[in-house]
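A.B. asks: okay, sequence plus prediction incoming.
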Amino acid sequence: MGSVRVAIIGVGNCASALVQGVHYYRNAPDDGFVPGLMHTRLGDYHVGDIEFSAAFDIDERKVGRDLGDAIGQEPNNTVRFAEVPTLGVPVHRGMTHDGLGLYLSQMIKKAPGATADIAGILRETGTHVVVNFLPVGSEMATKWYVEQVLDAGCAFVNCIPVFIAREAYWRRRFEERGLPVVGDDVKSQVGATIVHRILTRLFNERGVRLNHTSQLNFGGNTDFYNMLERERLLSKKISKTDSVRSQLGHDLPTDAVHIGPSDYVPWLADRKWAHIRLEGHGFGDQPINIELKLEVWDSPNSAGVVIDAVRSCKIALDRGLKGALAAPSAYLMKSPPEQWSDELARQRLERFIAGDE
């Protein structure tokens with residue numbers, strides 16, 4: 001079926017993990033279990049069919065460099081697990097808008113020059129799918145880029161908590177252009193959100209009443225540094241909280257749930273610590289509490305999910321599907337148009353891949 005040509009908005013840690021991962025798994029066998037991948041081949045497309053066509057950023061240390069080189073520039077600090085060659089893909093000067101918050105502006109110096117012709121570059125490079133890795137809180141910047149994506153005729157994977165796929169207005173815009181979108185806010189492979197969701201559903205299905213729950217996250221990457229600016233966190237907290245609450249069979253008061261980023265610890269680099277606690281009562285109204293700590297490298301934990309999201313978009317393009325893709329969004333994202341259980345979402349994603357949904 002050819003390649004899946006992917007453009008990246010925001011060449012940070014998540015972009016680094018995605019680019020490294022495509023090269024790391026380029027020759028992975030189709031058969032058998034491959035650690036790190038949910039699908040070595042998704043529909044007609046192997047991981048190795050993904051090609052990077054364009055990239056956009058505003059950091060002077062990245063703009064003008066080859067993408068293979070730019071992913072290793074500061075302030076990126078994720079683990080290097082693959083050697084990426086020169087890709088022949090320059091990082092173009094992107095649009096800033098609200099993409100650079102109070103804290104990131106102390107770390108990042110904007111590259112000189114005007115914003116590149118984003119839509120023109122996407123068309124010229126034959127891009128199929130655009131992936132949004134802008135910082136949390138980039139509301140205006142994301143919507144500006146979505147307009148460029150629509151104009152260029154590309155599919156869109158929205159990895160951040162600015163609500164596009166779940167909003168009727170934007171779904172209609174993609175439907176009118178005959179283009180698919182997957183979003184919003186990527187759900188890492190084994191991250192705090194999916195672990196918290198599964199434990200919440202376990203309580204519900206096994207007859208335990210959840211009374212209180214919390215999730216505290218700490219990390220040392222630019223994402224956590226950016227989120228020290230609490231004004232940028234509203235959509236992130238909504239996304240993570242709604243994702244967990246959707247698995248409950250009863251209402252839980254707002255003050256009984258606390259989920260969200262908590263602090264920036266520089267020496268953690270791109271590692272993340274998630275502390276999750278659930279308090280409930282079961283048989284005879286006796287207490288049942290769970291407390292756990294999850295440790296991951298944050299960006300690689302999401303890259304395998306994004307690899308599936310971009311290939312889902314490509315098979316949707318091949319099939320003439322348009323608008324928000326319900327099953328890929330429900331399984332791969334925290335804030336899809338429809339919240340399903342992860343078991344149901346996985347089953348329906350497999351049906352989507354097979355062409356039955």
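C.D. replies: The structure has been received and is ready for your questions.
A.B. asks: do a quick rundown of the strands in the protein.
C.D. replies: Taking DSSP state E to define them, one finds strands in the chain at 4-9, 41-42, 45-46, 50-57, 91-93, 129-132, 155-158, 180-182, 209-219, 257-264, 271-281, 287-297, 323-324.
A.B. asks: hmm, Ser138 and Ser235 touching each other?
C.D. replies: No. Using Cβ atoms under 8 Å, Ser235 makes no contact with Ser138, being 9.9 Å away. Any C-beta I mention is one placed from the backbone N, CA and C, and that applies to glycine too.
A.B. asks: neighbours of the residue nearest to Val84 when sequence neighbours are not counted, how many?
C.D. replies: Nearest residue to Val84, sequence neighbours excluded (Cβ to Cβ, 6 or more residues apart in numbering): Gly68, at 4.3 Å. Per other Cβ atoms under 10 Å, the neighbour tally for Gly68 reads 18.
A.B. asks: partners of the nearest residue to Arg172 once chain neighbours are set aside in the sheet?
C.D. replies: What sits nearest to Arg172 in space, not counting adjacent residues and going by Cβ to Cβ, 6+ apart, is Gly323, at 7.7 Å. In this entry, Gly323 is beta-bridged to Pro180, by DSSP bridges.
A.B. asks: now Gly323: how far from Val181?
C.D. replies: According to Cβ to Cβ, to the nearest Å, Gly323 stands 7 Å off from Val181.
A.B. asks: which one's more surrounded, the two?
C.D. replies: Shown here are Gly323 and Val181; by other Cβ under 10 Å, Val181 has more neighbours (33 against 20).
A.B. asks: which ones are touching that one?
C.D. replies: For Val181, the contact set (Cβ atoms under 8 Å, 6 or more residues apart in numbering) comprises 155-158, 164-165, 170-171, 174, 313, 323-325.
A.B. asks: highest neighbour count among the residues you listed?
C.D. replies: Asn158 (32 neighbours).
A.B. asks: give me the common contacts of Ser235 and Ser138.
C.D. replies: Shared contacts of Ser235 and Ser138, counting by Cβ under 8 Å, 6+ apart, come down to Val162.
A.B. asks: show me which of the two is the more surrounded one.
C.D. replies: Per other Cβ under 10 Å, whichever of Ser235 and Ser138 has more neighbours is Ser138, with 28 against 19.
A.B. asks: CA atoms of the lowest-mean-pLDDT helix or strand in the chain as CSV?
C.D. replies: Ranked by mean pLDDT, DSSP states H and E, the weakest helix or strand in the chain is helix 234-245, scoring a mean of 84. Extracted C-alpha coordinates of helix 234-245, given in CSV (Å, rounded to 0.1, in the frame of the first residue of the first chain):
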residue,chain,number,x,y,z
LEU,A,234,-7.5,23.5,32.7
SER,A,235,-8.0,21.3,29.7
LYS,A,236,-5.4,18.8,30.9
LYS,A,237,-7.1,18.3,34.2
ILE,A,238,-10.5,18.0,32.5
SER,A,239,-9.1,15.4,30.1
LYS,A,240,-7.5,13.2,32.7
THR,A,241,-10.3,13.5,35.2
ASP,A,242,-13.1,12.8,32.7
SER,A,243,-11.2,9.8,31.4
VAL,A,244,-11.1,8.2,34.8
ARG,A,245,-14.6,9.2,35.9
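A.B. asks: so what does that helix touch, helix or strand wise?
C.D. replies: Applying 3 or more Cβ pairs under 8 Å, 6 or more residues apart in numbering; DSSP states H and E, one finds that helix 234-245 makes contact with helix 192-205, strand 209-219, strand 257-264.
A.B. asks: does Pro337 really touch Ala327, like I thought?
C.D. replies: No. Pro337 lies out of contact with Ala327 (Cβ under 8 Å); the separation is 10.6 Å.
A.B. asks: quick one, which of the two is more surrounded?
C.D. replies: Ranked by neighbour count (other Cβ under 10 Å), Pro337 and Ala327 place Ala327 first, with 23 against 20.
A.B. asks: shouldn't the more buried one be in contact with Arg348?
C.D. replies: Yes. Assessed by Cβ under 8 Å, Ala327 is found in contact with Arg348 at 4.1 Å.
A.B. asks: coming back round to it: now tell me what touches the least confident helix or strand of the chain from outside.
C.D. replies: Under Cβ under 8 Å, 6+ apart, the answer for helix 234-245 is 136-137, 139, 161-163, 184-185, 187, 192-193, 196-197, 200, 213, 215, 227, 252, 257, 259-261, 334-335, 339.
A.B. asks: any idea where the helices of the stretch 1-150 of the chain begin and end?
C.D. replies: Secondary structure of the stretch 1-150 of the chain (DSSP state H, counting those that start in this stretch): helices located at 13-24, 67-70, 118-124, 139-152.
A.B. asks: for the ones you listed, which one ends up most surrounded?
C.D. replies: Mean neighbour count (mean count of other Cβ atoms under 10 Å) peaks for helix 13-24 among these, with a mean of 25.
A.B. asks: how about that helix as PDB, C-alpha atoms only?
C.D. replies: The C-alpha atoms that make up helix 13-24 are tabulated as PDB, following Å, rounded to 0.1, in the frame of the first residue of the first chain:
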ATOM      1  CA  ASN A  13      10.600  14.700  23.600                       C
ATOM      2  CA  CYS A  14       7.400  13.000  22.200                       C
ATOM      3  CA  ALA A  15       8.600  13.700  18.600                       C
ATOM      4  CA  SER A  16      12.000  12.300  19.600                       C
ATOM      5  CA  ALA A  17      10.600   9.000  20.900                       C
ATOM      6  CA  LEU A  18       8.300   8.700  17.900                       C
ATOM      7  CA  VAL A  19      11.100   9.200  15.300                       C
ATOM      8  CA  GLN A  20      13.400   6.900  17.200                       C
ATOM      9  CA  GLY A  21      10.700   4.300  17.600                       C
ATOM     10  CA  VAL A  22      10.000   4.200  13.800                       C
ATOM     11  CA  HIS A  23      13.600   3.400  13.200                       C
ATOM     12  CA  TYR A  24      14.000   1.000  16.100                       C
END
